[in-house]
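Asker: show me how the following folds:
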Amino acid sequence: MLFTSNLYAEVYVSENVLAGESGYVGANLTNNRNGAQTVNGIGFQYVYPPDTVGDVGPNHYVQMVNSAFAIYNKDGSLLAGPYDINTLWSGQGNHCERTNDGDPVVLYDSMADRWFLSQLSLPNGNGTGPWYMCIAISETPEPTGKYYLYEFQVNDDVDHMPDYPKFAVWPDAYYMTTNDSPPSVGVFAFNREKMLNGEAASYQKFSVRTNLLLPADLDGQTPPPSGSAGYFYTMMDDSFWPAYGFNGQDRLEIYEFKVDFNNSSNSTFTKTIELPLTPYEYTVCGYFNLPCINQPKPGEKLDAISEWPMWRFVYRNFGNHESLIGNFTVDTDGKRHAGIRWFELRKTATSNNWELYQEATHAPDAMHRWLGSIAMDGKGNIALGYSVSSHTMNPAIRYAVRLSTDTIGTLQEEMTIVDGPGVQVDGSNRWGDYSSMNIDPADDCTFWYTNEYYEQGAMGWSTKISSFQIPGCMDSGSINFLAAIDVTGNVYYTKNLSSWTPIAGSLATLISGDFNGDGSVDLAGLSESGLVFYTINLTSWQNIPGVLSYITSGDLNADGRDDLVGLTSGGYIFYTTDLKNWQNIPGTLFELTLGDIDGNATDDIVGLSASGGIFYTVDLKNWGQILGSLAKLALGHINNDGLDDVIGLSSTGNLYYCLDKTTWNSLSGQLASIHIGDVNGDGVDDIVGINKSGKLWYTVDVQTFKSLNNASSVATITLGDINGDGRGDVAGVNTDGQVFYTIDFKTIKTLPTENIVFTGIVTK
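Answerer: A predicted model of the protein is given here:
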């Protein structure tokens, strides 16, 4: 293996993308007969093949083809472009500005809320180096804004052009693979942290001998476990590759890249496992035999591109297991009949290594299916998109899906995005090298797919962009729960995030909990006069005798049911474990919260005295003290040690946290309120709050706060699992009484209020 490190690229800054004129008109998304929405993508750019690729963000879709890119609103309207890709580097005077050599890749980096666009630069052609990789990183979440621009010299070996580059987003790097000179493969790690900050950046490279590798690209809001290596895969067979020294049965090979940008000698790239597959026939018509897939006459035969893994190799972390999915084209019957082998790998805490969970070959009839791309939604449902053709049917774009509950290794009946009106006759035999199936980060349910086809009589290709959902992904039943109070004290709840159901009665404050242990959400609150009420059935209220000024809930005795803890107007502390009788804890507090600070699986009470002193009790009798002074208080396990930690605000809004009941740490930023929950699904609680100007901020690393776009004039929020995906979501009420929520911390959605002016809100 050849290892090269610390090759630096300087950084430039582009003008805004929208600074140019757009000479192309796009159509809004329209429904076809199968429920998918489609829009015309970029048209022929005088290059074969188009290598159609795209990705979706919270508000935009960006499509790229060889030499051009365009930006769309998610309603399908064209916002910018198509522009030549090299115009991003206009004015830089470098190779990336002077050439426009394609093999493009666009990715949305959901962890950073940024866009990644790339293409090759071959200033001396494809036979003589040096060669360059051009990478643009958006400065902001807006793909129409400015970009940090990089030009990396990636190879100066005249025999090893970095062909067919494929990228992936991973927490520690942007990973890339290239087909240098088969079976020589380049494997790269670009310094993502530097590039996101617009700093001079380096890459590290391994050169290995194998079939082309694909890097694993992260989907979903939950990152891989901390320290996870970047994953790569290729497929090998028992007939072709042994002649080149790669013996073994039909299989998948998994590799891991552990990169250390501070000390390159620590970086490693290793094959970690081989996973046997059901035997398959490698390549459809032979290695690099381009005339392969039939079209009706006068159409030429098309390249099956069956030598390599197909875009993308997708990673997801579901908490109880991790998944990798991919696809490649095979000969289904030894008679040059193209079908798609797809697979899912899983790794659990008990297995601690990747195992083949399911696989199948998609070939439901005699037609050819190839150029596949696969993705998985947040519920574990899968969608596979591809091209379809035969000697009697023009090339079409279709997709097939499977529910996570379907029989292992099966896909449902396929759906059509477009029946191609025309055929390819350009004489190159080259169909696209890839298509792209991606998942919408705004809802983790909507699939977006782009691929090529031909209009009737057209001399060049066309592209389509399509979006669709698998029914049921957005439906979480009773888990979708919010409750709120309006200005008159009326209580409402919603289980569908669309309509409100009233509960007769009048309260001044509202909290949630599971008071009877049935797993459903119950409500409790105080009337204007301080009377305590709760409801189990969400229809009628029951009173608990007593008068309080504040209540909260938690499980004080580990019986699986939430209990109530409250304060009187004088600060005296009372709790009930039976929703009937109150018990007093000696002392006075003016604020309290509940959490498990000693690790015994029961909630403890932590509170503030009138002077800001911090006190806690783990036995509901005796008080311990944590030195310090706070004005507001919260608890959550923010360091993954299994114990709840203390988080608080000073009287001036400065944020502090304590992990050991002794030492306080400060966190840059000022807030007026704080809420704690696991918003990214990594098992560690995060901090969300409102600042003094009414804007929403959050941090997932207890270091850096990010602003939630479009969340302003916020009066109050609640943090809980709104959609049942195991992550904390935010719902809130604006100063005008409008209810909003976000499940991805990027896209704000509002709920109909039916002329109700809300003042407070809670969720599960």
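Asker: angles on the backbone of Val700, please.
Answerer: Reported as degrees, to the nearest 10, the phi and psi values for Val700 are phi -110, psi 0.
Asker: correct me if wrong: it contacts Ile676.
Answerer: No - shown here, Val700 and Ile676 do not form a contact pair, counting by Cβ atoms under 8 Å, at 11.9 Å. Placement of C-beta: from N, CA and C, glycine included.
Asker: which residues do these two both contact?
Answerer: Asp686 (Cβ atoms under 8 Å, 6 or more residues apart in numbering).
Asker: Gly517: neighbour count?
Answerer: When neighbours are defined as other Cβ atoms under 10 Å, Gly517 has 12 of them.
Asker: state the three-state secondary structure for it.
Answerer: Three-state call for Gly517 (DSSP: H, G, I helix; E, B strand; the rest coil): coil.
Asker: how far away is it from Tyr282?
Answerer: In this view, Gly517 and Tyr282 are 56 Å apart by Cβ to Cβ, to the nearest Å.
Asker: quick one: the helices in this structure?
Answerer: 95-98, 192-196 (DSSP state H).
Asker: may I see the buried residues of the longest one?
Answerer: Spelled out, that is helix 192-196. Of the residues in helix 192-196, 192, 194-196 count as buried by neighbour count, 16 or more other Cβ atoms under 10 Å.
Asker: of those, which is the nearest to Gly380?
Answerer: Taking Cβ to Cβ as the measure, Gly380 lies nearest Arg192 of these, at 27.1 Å.
Asker: quick one: which of the buried residues of helix 192-196 is nearest Trp342?
Answerer: Closest to Trp342 out of the buried residues of helix 192-196 is Arg192 (28.5 Å), distances taken as Cβ to Cβ.
Asker: hang on, isn't the closest one packed against Ala168?
Answerer: No - judged on Cβ under 8 Å, Arg192 makes no contact with Ala168 at a distance of 10.7 Å.
Asker: now do the shared contacts for those two.
Answerer: Taking Cβ under 8 Å, 6+ apart as the contact rule, Arg192 and Ala168 both touch Tyr174.
Asker: with distance to Leu643 and mean pLDDT added, can I get the helices of the chain in JSON lines?
Answerer: Below are the helices of the chain laid out as JSON lines (distance: least, Cβ to Cβ, whole Å; pLDDT from 0 to 100):
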{"stretch": "helix 95-98", "distance to Leu643": "51", "mean pLDDT": "96"}
{"stretch": "helix 192-196", "distance to Leu643": "30", "mean pLDDT": "97"}
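Asker: quick one: these as CSV, columns for distance to Thr588 too.
Answerer: Listed next are the helices of the chain as CSV, based on distance: least, Cβ to Cβ, whole Å:
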stretch, distance to Thr588
helix 95-98, 67
helix 192-196, 48
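Asker: contacting residues for the residue positioned nearest the centre of the chain?
Answerer: The chain has Gly220 as the residue nearest its centroid, 2.8 Å off, counting by Cα atoms, centre = their mean. The contact partners of Gly220, by Cβ under 8 Å, 6+ apart, come to 110, 316-317, 378, 439, 444, 681.
Asker: widest-spaced pair of the residues you listed?
Answerer: The most widely separated members of those, counting by Cβ to Cβ, are Ile439 and Gly681 (15.1 Å).
Asker: when those two are compared, which one has more neighbours?
Answerer: Under the criterion of other Cβ under 10 Å, the comparison of Ile439 against Gly681 puts Ile439 first, with 25 against 18.
Asker: how about the contacts made by the closest residue in space to Leu751 that isn't next to it in sequence?
Answerer: In space, and not counting its chain neighbours, Leu751 is closest to Val739: 4.4 Å by Cβ to Cβ, 6 or more residues apart in numbering. By Cβ under 8 Å, 6+ apart, Val739 lies in contact with 482, 484, 731-733, 750-751, 753, 758, 761.
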